[in-house]
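Asks: Okay, here's the prediction I keep looking at, along with the sequence it came from:
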Amino acid sequence: MSGLLIGVGLVGCGGAEKTPAPTNPAVGHRAGAGGLTNAGSSGRELGSAAGSASGAGSPALEMPDTVANRLSPSALITGVCDVLRLAPNPETCVGVDDLVACSAAKCNVDACVATCQDELACGFAAADHCKLVETCPRSAECLACMTELQVCTFVLAHCGELVTCSTPTQGGACQKLEACCRTQKQPQACLGLTRTLGMVRGDAECEAVIRDPKFRQVYANDPPCTFD
């Protein structure tokens, strides 16, 4: 089952921690309103800056034109990569810009972009910019900031519901999950996560969640839900 749900695994805890590094001027302090850059221009600029720092004369890395490589710094920090990783076909997802704008309005995106400048430079230097959340080392300060930001974005502000990569069916597993969440004494976390999961992965993933005992224990046990 996806880490998006259990333990708020979408917060980007992949990658080793590192000691804080000096500020990297390759990444600006402003997050920007859009989730997608203009054909990856930000990625090219940051990748070029990182490449020049690693040694003069190094050949420029050719960036594939994928949805991941069109993401803005704010989108990488906000957790869009985790959503794309869950999607059956990331190129069909719509609403990424809306998710990032929602997060910028309701959560502290700019602060994380400023805190994670070296981490962003690492991500934009990779052929797949989403490697930032998988392999780029992160300082304790950046990791803490991303965790707080993504909990705000997906659990508290429900911004993840604005991205659509799949359409749940009427009366299907995702609607059953949402009905379960509404019966809980504290429904908001359950609703935020299951709605996002349904819009990104669809009923097959919601069915897997229903069968997951950890989900039931954490999100659907007060009172216990039945799905028969």
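Replies: Nice, I can see it. Numbers count the residues shown, from 1 in each chain.

Asks: switch to C-alpha atoms for all contacts and neighbour counts from now on
Replies: Noted.

Asks: which residue sits closest to the spatially most central residue of the chain, ignoring its sequence neighbours?
Replies: Nearest to the mean C-alpha position of the chain, counting by CA atoms, centre = their mean, stands Gly79 at 1.7 Å. Nearest residue to Gly79, sequence neighbours excluded (CA to CA, 6 or more residues apart in numbering): Gln150, at 6.1 Å.

Asks: Any idea how many residues pack against the one you found?
Replies: For Gln150, the tally of surrounding residues (other CA atoms under 10 Å) stands at 27.

Asks: I figured it hits Thr78, correct?
Replies: Yes - taking contacts as CA atoms under 8 Å, Gln150 lies within contact range of Thr78: 5.8 Å.

Asks: Quickly list the domain ranges of the protein.
Replies: Annotated domains of the chain cover 6-159, 173-219 [automatic domain parsing].

Asks: All the strands of the chain, residue numbers only.
Replies: For the chain, the strands defined by DSSP state E cover 17-18, 138-139.

Asks: Any idea which of those has the lowest pLDDT on average?
Replies: When these are compared on average pLDDT, strand 17-18 comes out lowest at a mean of 38.

Asks: measure Thr226 to Ala173 for me?
Replies: With distances taken as CA to CA, to the nearest Å, Thr226 is found 12 Å from Ala173.

Asks: Comparing the two, which residue is more hemmed in?
Replies: Ala173 (22 against 12).

Asks: Tell me who's in contact with the more buried one.
Replies: If you count contacts by CA atoms under 8 Å, 6 or more residues apart in numbering, Ala173 has them with 203-204, 206-207, 210.

Asks: Distance to Cys102 added to those, as a markdown table?
Replies: Converted to a markdown table, the contacts of Ala173 look like this (distance: CA to CA, whole Å):
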| residue | distance to Cys102 |
| --- | --- |
| Asp203 | 25 |
| Ala204 | 27 |
| Cys206 | 24 |
| Glu207 | 28 |
| Ile210 | 28 |
